[in-house]
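Enquirer: just a sequence and a predicted model for now, questions to come.
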Amino acid sequence: MGAYFKRGAALALLAGASTPLLAQTTASQSTTGTTKIVQAITLTKTTDLAFGTVVKPATGANSVVIDATTGARTLTGAGTAALTTSTTSRAAFSVGGEGAQTFSITVPATFNMTSGANSLTVTLTTSAATGTLSGALGAAGTATFGVGGSFPIATTTVSGSYTGTFTTTVTYN
C-alpha cells in the first residue's frame, strides 16, 4: 500500500502541475456618485458707502472712517477736521441662495474716489469675510453684511465732490 500511495501522490502532483492555474482576469468594485444641487447665489446692494460731508482740517491730518458693521462715522488722527450732520452709511448687501450654505465675501483692498483730476484712496473693510445663508438645504436662505472704509484727509486735500465705484463679490464655498 505504501508504493501505491507514493505513486498516487506523485500522479496527483503531476496532474496538478499539468493543469493550468486559473488567474483572475477581471475585477469589479461598486462606487457611489454624489452631487448637491443648490439655488444660484445672488447679491443685492441695499445702500451705498457714503462718507457724508467732512470739513478738512486747518492743521494736521485725519482719517474719515465708516465702520463696516455699524455704519458709524468717526475721525481718527491729530488733525482738526470736523464732521457735519450729513447722511452717511456703510455699503450694505443682502445675499440670497440655498439655505444653510456658506459663502465667501470679496471686496478690493482699496478703490479711488475722484473729483475732476483729484483722487482719494479709500481702504475698504467688510463686516465679515464669510457668511452662512439662513434656512436649510432645499429652502431659500438670506444673509446680510456691510462694507465700510476709510480715507485720509489733510489740509492739502482738494475740496470737491468725490465719487468712485468698487465691486463686491460673493461665492459659495
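Expert: Received, thanks. Numbering: from 1, shown residues only.
Enquirer: so what's the most centrally placed residue in the chain bridging to?
Expert: The C-alpha lying nearest the average C-alpha coordinate of the chain belongs to Ser104 (CA atoms, centre = their mean; 1.7 Å). Per DSSP bridges, the residues bridged to Ser104 are Thr130, Thr171.
Enquirer: can you pull the buried residues of the host helix or strand of Ser150?
Expert: Under the criterion of DSSP states H and E, Ser150 resides in strand 140-154. Within strand 140-154, the residues that count as buried by 16 or more other CB atoms under 10 Å are Gly141, Ala143, Phe145, Gly146, Val147, Gly148, Gly149, Ser150, Phe151, Pro152, Ile153. Placement of C-beta: from N, CA and C, glycine included.
Enquirer: dump these to CSV, plus distance to Asp67 and pLDDT.
Expert: Formatted as CSV, the buried residues of strand 140-154 follow (distance: CB to CB, whole Å; pLDDT from 0 to 100):
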residue, distance to Asp67, pLDDT
Gly141, 26, 98
Ala143, 19, 98
Phe145, 13, 98
Gly146, 8, 98
Val147, 10, 98
Gly148, 5, 98
Gly149, 10, 98
Ser150, 10, 98
Phe151, 14, 98
Pro152, 17, 98
Ile153, 17, 97
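Enquirer: just flag the most distant two among those.
Expert: Within these, two members stand farthest from each other by CB to CB: Gly141 and Ile153, at 40.0 Å.
Enquirer: export stretch 79-86 as CSV, just CAs?
Expert: Once non-C-alpha atoms are left out, stretch 79-86 reads as follows in CSV (Å, rounded to 0.1, in the frame of the first residue of the first chain):
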residue,chain,number,x,y,z
GLY,A,79,-6.0,117.0,12.7
THR,A,80,-8.8,119.5,13.2
ALA,A,81,-11.2,118.0,10.7
ALA,A,82,-14.9,118.2,11.5
LEU,A,83,-17.9,116.1,10.6
THR,A,84,-21.1,117.7,9.6
THR,A,85,-24.6,116.3,10.2
SER,A,86,-24.9,114.9,6.7
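Enquirer: what sits against Leu49?
Expert: By CB atoms under 8 Å, 6 or more residues apart in numbering, Leu49 lies in contact with Ile66, Ser89, Arg90, Ala91, Val122, Val147, Gly148, Gly149.
Enquirer: returning to what we had before: now do the residue nearest to the centre of the chain against Thr44, distance only.
Expert: Per CB to CB, to the nearest Å, Ser104 is found 17 Å from Thr44.
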